[in-house]
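**Q** any chance you can model this:
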Amino acid sequence: MLQPVENREELERILEAPLALIYKHSTICGLSSKAIREVESFVGRHPDVPVYIIDVLRNRAITMEVQDRLGVRHKSPQVIVVANGEAKWHKSHWGIKSKVLSRQIAALKN
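**A** All right, here's what the predicted structure looks like:
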């Protein structure tokens, strides 16, 4: 399940977590429609990994705070693997693939 992020308190909890994935989504972007399917596929295979979604159109302030706090230039669609408050890996657009996300998470767990 993709958990929405809509305020700073929710973002703070994500940044305090040992491991999480942030997905930035645009509801008007065709490429985001494909990317979200890849993220949902990842969620289905990794229910133990918390996955958060930010609607970049409705939550611009949170979107920009993620950029500022993690040092990852904003793009949409975009995924960011976060561990203990740091961006460990990120991809955008066509680079968002369920299998690639799985490999990145496995590498962090080892």
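**Q** for the spatially most central residue of the chain, which non-adjacent residue is spatially closest?
**A** In the chain, the centroid-proximal residue (CA atoms, centre = their mean) is I22; its distance is 1.8 Å. Of all residues not flanking I22 in the chain, I80 sits nearest, at 4.6 Å (CB to CB, 6 or more residues apart in numbering). (C-beta placed from N, C-alpha, C; glycine too.)
**Q** now the element after the lengthiest helix in the chain, going C-ward?
**A** For the chain, the longest helix by residue count, based on DSSP state H, is helix 30-45. With elements assigned by DSSP states H and E, the helix or strand that comes after helix 30-45 is strand 51-55.
**Q** for burial, what's the neighbour tally of M64?
**A** By the criterion of other CB atoms under 10 Å, M64 has 12 neighbours.
**Q** who are the neighbours in contact with the closest residue in space to it that isn't next to it in sequence?
**A** Excluding the flanking residues, the one nearest M64 by CB to CB, 6+ apart is H74, at 6.7 Å. Counting by CB atoms under 8 Å, 6 or more residues apart in numbering, H74 makes contact with 24, 56, 63-64, 66-67.
**Q** repeat that for T27.
**A** When contacts are counted by CB under 8 Å, 6+ apart, T27 touches 55, 57.
**Q** no more questions from me, cheers.
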